[in-house]
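Visitor: I would like the atomic coordinates for the input below:
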Amino acid sequence: MEIFKNQTNGSDKSSLFWVINHTTTAFGRRLLKKWISQPLRNVREIEERLDAITELCSPSASCLSPLKGLLSQLPDLERGLCTIYHKKCTPAEFVAITKSLINLCKHVQSNQEVALSKIESPLLRSVFTEVPNYLDDVGDYLRLVNEKAAKEGDKTKLFDDQTQFPAIVKCNLEIEKITADLKSHRSEFRQVLRHPSLDYCCVSGNEFLIEVRNANLKTVPSDWTKISATKQVSRFRTPFVEEKFKLLCQWREQLSIASQEAWLEFLTLFSEGCSRYRRAVHCIATLDCLFSLATVAKQPGFVRPVVNDCEAHIYIKQGRHPVIDHLLPENEQFVPNDTHMNVNTNRCMIITGPNMGGKSSYIKQVALIVILAQVGSFVPAEEAQIGVLDAVFTRMGATDNIYKGQSTFMVELQETSEIIAQATPKSLVILDELGRGTSTHDGTAIAYATLHHFISKVRSLTLFVTHYPSLAELEAIFPEQVTNNHMAFMTSQEEQERQSNPTAGGEAAIQFTEGGEAGTTHCSEGGEASTVPCVTFLYHLVNGAAARSYGLNVARLAGIPSEILCMAAEKSHELENVILSRRCIKNSFQEICLNSQVTRESITQLRNSLKKIAPEQTQRHERANVSS
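Guide: Just a heads-up that it's a prediction; the model follows:
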């Protein structure tokens with residue numbers, strides 16, 4: 001479905017989320033992704049989002065423009081509150097998060113009166129009524145923190161008012177006392193060294209050093225401890241300084257521990273209100289998502305869907321694929337299609353048609369429009385009515401799981417089995433070419449039986465893409481529940497038939513010429529000429545089943561050599577003749593059985609037909625009859 005990432009390189013480009021994501025905050029982006037992964041099933045909630053988007057598209061929402069501009073300046077508040085709650089944030093991060101919350105609260109309060117007088121949507125009004133109440137006490141916590149110390153990462157000076165933390169107060173008092181003792185000790189070593197202006201020095205973070213020139217080392221007492229030296233000077237500590245300095249380091253370490261404990265205690269106190277702060281951030285994230293969906297709704301061709309809480313049904317008029325329509329160049333136009341499905345009447349659409357004709361794109365389009373509608377977004381269509389679905393199940397693509405020893409066909413059937421077990425009459429089921437991973441007979445049988453089960457037992461809305469013509473017979477078995485459809489196309493052979501039979505009815509013919517996209521590969525090699533028709537895709541869903549898939553046209557477009565195409569065309573023509581002959585024989589048998597008078601001519605005619613399709617088997621039977 002390529003909802004969150006494409007199948008080409010796994011990036012989010014060209015996905016549904018990439019198309020509708022116009023959020024400006026990280027937490028808004030995450031919430032929008034959650035909305036898409038979990039569409040709503042409550043009609044009231046869906047309507048609330050649609051009402052909010054409708055109002056954001058109206059002129060009355062101009063009062064929200066300043067708030068929309070503020071969103072782009074916000075940090076990741078959701079993640080920041082999470083780090084605070086788990087006590088993993090730094091003081092600088094705490095200041096940044098709380099400042100953003102305070103600015104947000106002030107901005108909402110300043111626009112509260114104007115917004116509430118113009119806005120009617122409950123989702124939009126909740127931003128101005130709830131956010132200020134949730135964030136009213138954040139400023140009290142920020143005032144306790146010294147912003148300068150927080151930016152420097154110095155937790156020992158983080159709190160201006162330290163009376164709430166007795167351990168820090170005690171450590172600071174002891175440090176001040178020791179520092180005062182060290183300062184008063186200067187008079188003693190000044191007298192010893194006879195240097196009245198001598199003071200402590202600090203070298204490479206090593207404090208309280210007494211520096212003496214090497215020429216005066218004789219004046220240094222023997223009990224002083226030498227710490228370092230250069231060619232010019234030596235540095236010492238007296239026994240008193242050495243003892244006090246060790247004690248000072250111990251108290252500084254205690255202060256660091258006490259400051260860390262105070263910081264964690266402060267974060268614990270702040271975390272008591274984190275649930276309220278997260279609700280405020282969720283309100284802002286919701287607003288960001290609604291702004292994003294309003295941007296989508298303003299695009300040309302998007303309409304507000306009608307969502308009903310009744311039996312499952314899908315009515316889409318001129319629907320378009322939201323991603324392909326967005327990626328098409330300006331000079332190309334997407335071909336829209338209608339969809340009419342109802343669980344009580346037409347609950348299953350069997351879709352056939354040529355390869356690359358747009359079958360998979362069409363069923364994806366229906367699913368994505370349903371998802372967008374239940375997310376609460378506008379959809380790319382002229383009109384859309386959706387009965388709330390409980391799930392969208394898809395079985396598309398061809399992948400294996402070699403690590404578990406599962407083939408492509410095994411993975412395909414396992415996914416189908418899970419859908420059968422979980423789907424309900426309120427579900428939308430999409431099956432794309434079920435049974436292609438095995439032989440034609442087994443694949444046809446499995447696809448036929450599976451689709452029959454969905455129609456008769458599961459009774460879900462089902463879009464079934466197939467290249468097996470026999471599945472079209474289900475329309476005759478379930479005429480009220482099943483419709484055959486195919487993606488319209490034109491071929492060069494059809495044009496030739498129109499030219500040879502000008503009285504044939506139908507749509508206006510399209511002229512085809514040799515060469516280019518409209519050319520036809522002609523093959524003749526010792527027999528009748530075979531052709532590889534060029535197919536022009538119209539990408540328009542029409543009633544009826546397609547008789548052929550025109551796989552040779554895809555081979556031609558892929559650049560398969562002409563000699564291979566010629567052989568394939570001849571073989572295809574041969575196999576088609578065999579099938580047609582068998583059908584003729586079947587009809588002959590039916591006519592003979594219905595006719596009470598069996599003539600020799602009819603038996604001879606039947607025998608000649610058998611010789612055409614199976615000459616060896618016919619001769620063998622004749623020899624056996626002669627011998628008997």
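Visitor: From here on, just use CA atoms for contacts and neighbour counts.
Guide: Fine.
Visitor: which regions of this protein sit below the pLDDT cut-off?
Guide: 397-406, 492-533, 579, 583, 586-628 (pLDDT under 70).
Visitor: try it again with 50
Guide: 494-519, 524-529, 596, 617-618, 620-621, 624-628 (pLDDT under 50).
Visitor: domains for it, by residue range?
Guide: Structurally, the chain divides into domains by automatic domain parsing as follows: 16-137+273-297, 166-252, 302-500, 579-627.
Visitor: what about these, which gets the closest to Ile560?
Guide: Comparison of those against Ile560 by CA to CA identifies domain 302-500 as nearest, at 15.6 Å.
Visitor: on that earlier part again, how about TSV for the domains of the chain, with distance to Asn146 and mean neighbour count added?
Guide: Compiled in TSV, the domains of the chain are given as follows (distance: least, CA to CA, whole Å; neighbours: other CA atoms under 10 Å):
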stretch	distance to Asn146	mean neighbour count
domain 16-137+273-297	9	18
domain 166-252	15	15
domain 302-500	45	19
domain 579-627	88	13
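Visitor: Make a markdown table from those and add distance to Leu557 to it.
Guide: Compiled in a markdown table, the domains of the chain are given as follows (distance: least, CA to CA, whole Å):
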| stretch | distance to Leu557 |
| --- | --- |
| domain 16-137+273-297 | 28 |
| domain 166-252 | 75 |
| domain 302-500 | 10 |
| domain 579-627 | 27 |
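Visitor: which one of those domains lies closest to Val535?
Guide: domain 302-500 (4.5 Å).
Visitor: Centre of the protein to the edge, which residue is at the far end?
Guide: Ranked by distance from the centre of the chain (CA atoms, centre = their mean), the top residue is Lys218, with 80.4 Å.
Visitor: how about the helices of the stretch 251-400 of the chain, start to end?
Guide: 274-297, 322-327, 359-375 (DSSP state H, counting those that start in this stretch).
Visitor: Centre of the chain to the first one, how far?
Guide: Relative to the mean C-alpha coordinate of its chain, helix 274-297 is positioned 18 Å out (CA atoms, centre = their mean, to the nearest Å).
Visitor: Which neighbouring elements make contact with it?
Guide: Packing contacts for helix 274-297, counted by 3 or more CA pairs under 8 Å, 6 or more residues apart in numbering; DSSP states H and E, involve helix 16-20, helix 26-37, helix 43-56, helix 65-71, helix 77-85, helix 122-134.
Visitor: so what's Thr219 up against?
Guide: Going by CA atoms under 8 Å, 6 or more residues apart in numbering, Thr219 touches Val192, Leu193.
Visitor: repeat that for 7 Å
Guide: When contacts are counted by CA atoms under 7 Å, 6 or more residues apart in numbering, Thr219 is found next to Leu193.
Visitor: Report the beta-bridge partners for the nearest residue to Ala381 once chain neighbours are set aside.
Guide: Excluding its sequence neighbours, the residue lying closest to Ala381 (CA to CA, 6 or more residues apart in numbering) is Gly319, at 4.1 Å. When bridges are called by DSSP bridges, Gly319 pairs up with Asn337.
Visitor: picking up where we left off before, nearest to Val458, out of the helices of the stretch 251-400 of the chain?
Guide: Across the helices of the stretch 251-400 of the chain, closest to Val458 is helix 359-375 (CA to CA), at 18.4 Å.
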